[in-house]
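Trainee: Dropping a prediction and its sequence here:
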Amino acid sequence: MKILIYETTDAAYMAARYLSEKHDVTILAEADQLPERFANLDVSFVRGSGANVTILEQANAAKMDLFVACSAVDEGNIVACWTIKRIADIETICFVQKMELYQNLNYDDQSRYQTTYDIDTVIWPERLLTQDIFRIVSVPDAVDVEFFASGRVKLFEYRIKEDSEILNQRIMDCSFPRNVLIVGITRENNLFIPQGATTIELNDKVIFMGTGPALDILAARFFKKDRSLKRAVVIGGGNVGFLLAQQFEEAHLHVTVIDLDRQRCTYLAERLKNSLVLCGDGTDLELLENASVEDCDTTICVTDNDEKNLLCSLLVKQISNCRIVARVSNSNTALLFDRVGIDVVVSPLEAALKDLLNHIQSREIDILALIEGGQGEVVRLTVPENFEETRVADLRFEARAIIGVVQRGRQIIIPNGETIIKKHDQLKFFTVTADVEAIKKMFSR
């Protein structure tokens with residue numbers, strides 16, 4: 001696929017880094033040259049504006065299959081998508097940062113105003129991040145949560161602590177509930193696919209996959225079931241903090257929002273029905289104490305500054321045993337958050353990347369989830385017509401992978417070695433990102 005990416009923002013780099021491995025990528029930007037971090041990527045470069053028809057023609061826009069606009073200016077992205085539609089009828093994906101623009105471009109009632117210049121997909125990373133955070137904090141002690149097949153299949157990721165029942169046990173010796181599999185383990189920031197003889201160690205992040213009811217039983221039996229979410233503190237009243245508070249209110253939870261900007265606090269207080277809004281600095285220890293952070297179940301640090309989120313998180317750790325969720329934009333900073341013991345680290349760019357990739361993948365294979373900063377993937381693949389029925393135990397994978405779920409019509413199967421894989425089955429398998437293509441080729445022959 002030929003892909004034209006507009007500008008060199010963090011989102012553009014994230015997309016180019018991932019997509020250039022499998023696609024022909026061209027970067028269009030107004031800078032004289034590409035930033036240094038793009039130097040190791042296999043991409044072409046065209047200098048100019050995405051709103052300039054002549055420049056788009058120089059970039060061979062008419063021969064492109066996809067246009068991704070991710071400059072720092074929302075209006076520039078929108079105009080660039082509209083402009084390229086004048087040259088060719090290609091798919092456009094537009095990144096936006098403003099809630100109002102996202103709502104306007106996605107408003108269902110506006111379908112009657114459709115034109116040939118409409119943007120095909122609008123990605124608002126903060127909205128996707130909000131969804132990720134709410135899903136994670138809804139499961140006590142989990143550091144990552146994903147739902148598939150309308151919630152009938154789930155993925156839970158847990159960090160192994162000193163009091164864990166499965167610490168220092170081999171996977172084959174653990175008595176997990178039926179319909180639960182361990183599909184991956186992250187150890188010292190490296191993700192790998194375990195075997196039955198793999199021993200679970202302290203601080204491992206273990207990834208479980210299975211049916212919804214079975215994973216709920218797992219959570220109750222092996223992880224803290226007495227920490228249901230009742231009260232949350234949100235530090236940062238921007239879009240993410242506001243949307244989270246709205247979702248917490250809908251779930252009938254007590255939520256306190258802390259933000260430094262007085263005007264923003266007024267905005268929040270007028271629009272949130274049952275939340276307590278405090279105007280102050282989330283790095284003020286006295287304010288955190290007055291907000292009764294020590295009594296909350298989770299604190300979520302979602303300002304737009306990584307360093308402030310880290311500092312707020314560390315201060316909360318001094319006065320509370322609650323679960324801490326922190327927003328981070330820089331992948332290098334994310335490793336620091338993890339090493340200092342922040343429970344859950346989330347990124348708007350990673351949330352956006354998953355959404356972007358789902359629009360790019362072929363119909364036969366879809367990326368359902370990115371795990372551990374993109375080291376691992378949960379991938380959906382439909383078994384082709386010419387596939388011969390084969391037991392899972394007889395499959396010869398060219399790379400390490402675990403089939404976590406077999407969906408056959410409405411039937412959900414958590415497979416074992418005797419499970420038969422049939423044509424038209426929809427498989428959800430877990431593997432490291434580098435091996436996805438090798439697994440895909442197995443089922444495309």
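Mentor: Looks like it came in fine.

Trainee: where exactly do the strands run in the stretch 1-150 of the chain?
Mentor: For the stretch 1-150 of the chain, applying DSSP state E, counting those that start in this stretch gives strands covering 2-6, 24-29, 43-47, 66-69, 91-95, 121-123, 142-148.

Trainee: lowest-pLDDT helix or strand in the chain?
Mentor: Least confident helix or strand of the chain, by mean pLDDT, DSSP states H and E, is strand 365-371 with a mean of 77.

Trainee: Let me know the next secondary structure element after that one.
Mentor: Moving toward the C-terminus from strand 365-371, the next helix or strand (DSSP states H and E) is strand 376-382.

Trainee: what helices or strands is the next helix-or-strand element following that following strand leaning on?
Mentor: The helix or strand immediately downstream of strand 376-382 is strand 390-391, counting by DSSP H and E. Secondary-structure packing of strand 390-391 (3 or more C-beta pairs under 8 Å, 6 or more residues apart in numbering; DSSP states H and E): strand 420-421. From N, CA and C alone the C-beta is placed, and that goes for glycine too.

Trainee: To Y18, which of the strands of the stretch 1-150 of the chain lies closest?
Mentor: Checking those against Y18 by C-beta to C-beta gives strand 24-29 as the closest, at 9.7 Å.

Trainee: Can you check the pLDDT for the closest residue to T54 other than its chain neighbours?
Mentor: Nearest residue to T54, sequence neighbours excluded (C-beta to C-beta, 6 or more residues apart in numbering): G48, at 7.9 Å. For G48, the model assigns a pLDDT of 96.

Trainee: Skipping adjacent residues, who's closest to E289 in space?
Mentor: Residue nearest to E289 in three dimensions, not counting chain neighbours: I319, with 6.3 Å by C-beta to C-beta, 6+ apart.

Trainee: State the distance from that neighbour to V406.
Mentor: Distance of I319 to V406, computed by C-beta to C-beta, to the nearest Å: 47 Å.

Trainee: Please apply the same query to P194.
Mentor: Counting by C-beta to C-beta - P194 and V406 are separated by 20 Å.

Trainee: Any figure for the gap between R47 and T26?
Mentor: R47 is 11 Å from T26, by C-beta to C-beta.

Trainee: likewise D366?
Mentor: Distance from D366 to T26, by C-beta to C-beta: 25 Å.

Trainee: ok, I319 and V406, which is more surrounded?
Mentor: The neighbour comparison of I319 against V406 (other C-beta atoms under 10 Å) goes to V406, with 21 against 13.

Trainee: Now K273: closest residue in space, sequence neighbours ignored.
Mentor: E249 (5.9 Å).

Trainee: What about the one you found? Give its phi and psi, please.
Mentor: In terms of degrees, to the nearest 10, the main-chain angles of E249 are phi -60, psi -40.

Trainee: So for the helix or strand encompassing E157, mean pLDDT?
Mentor: Using DSSP H and E, E157 sits in strand 153-159. The pLDDT scores in strand 153-159 average 93.

Trainee: what's in contact with that strand?
Mentor: Counting contacts by C-beta atoms under 8 Å, 6 or more residues apart in numbering, the residues outside strand 153-159 that touch it are 139, 141-148, 183, 203-212, 215, 218-219, 222-223, 343, 369, 371, 378, 404-405, 407, 412, 428.

Trainee: Within the sheet, what are the partner strands of the helix or strand that comes right after it, with directions?
Mentor: Scanning forward in sequence from strand 153-159 by DSSP H and E, the next helix or strand is strand 180-187. With DSSP bridges as the test, strand 180-187 is paired with strand 190-192 (antiparallel), strand 205-211 (antiparallel).

Trainee: what would those look like in a markdown table with mean neighbour count, distance to P384 and mean pLDDT?
Mentor: Shown next, in a markdown table, are these (neighbours: other C-beta atoms under 10 Å; distance: least, C-beta to C-beta, whole Å; pLDDT from 0 to 100):
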| stretch | mean neighbour count | distance to P384 | mean pLDDT |
| --- | --- | --- | --- |
| strand 190-192 | 15 | 28 | 94 |
| strand 205-211 | 25 | 23 | 95 |
